[in-house]
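Undergrad: Structural data only, the sequence is not supplied:
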């Protein structure tokens, strides 16, 4: 009997869709309230996931999805860093 491996799903803070964890970007808030991008998906901290599209980032900024998920005000520099990261994936 074949065993099906469970694929972890996460909800995007922009569009609200359930997608595979590996196909999304993770943004974390560390214990000292720093906001970082988590490339590995394994860093310690409270995480929020966002699709790798500029549209989802725009929606997350507009509806304050990241701020609500991480329970902290997000500095503009973090949004700029996310925008640069999205440009790598949008082709």
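TA: Cool, the structure landed. None of these values were measured; they are calculated from a predicted model.
Undergrad: And the lengthiest helix in the chain, what does it pack against?
TA: Longest among the helix segments of the chain by residue count, using DSSP state H, is helix 76-89. The elements that helix 76-89 packs onto, with contact taken as 3 or more Cβ pairs under 8 Å, 6 or more residues apart in numbering; DSSP states H and E, are strand 24-29, strand 35-38, helix 54-62. Just so you know, the C-beta spots here come from the backbone N, C-alpha and C atoms, and that holds for glycine as well.
Undergrad: I'd like these laid out as TSV, including mean pLDDT, mean neighbour count and distance to residue 13.
TA: Output for the helices and strands packed on helix 76-89, formatted as TSV (pLDDT from 0 to 100; neighbours: other Cβ atoms under 10 Å; distance: least, Cβ to Cβ, whole Å):
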stretch	mean pLDDT	mean neighbour count	distance to residue 13
strand 24-29	92	20	8
strand 35-38	88	17	13
helix 54-62	91	18	5
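Undergrad: Against residue 2, how distant is the residue nearest the centre of the chain?
TA: Closest residue to the average C-alpha location of the chain: residue 49 at 2.7 Å, with Cα atoms, centre = their mean. Applying Cβ to Cβ, to the nearest Å, the value for residue 49 to residue 2 is 29 Å.
Undergrad: hmm, back to that, helix or strand: which one has the residue nearest to the centre of the chain?
TA: Secondary structure assignment for residue 49, by DSSP states H and E: strand 46-51.
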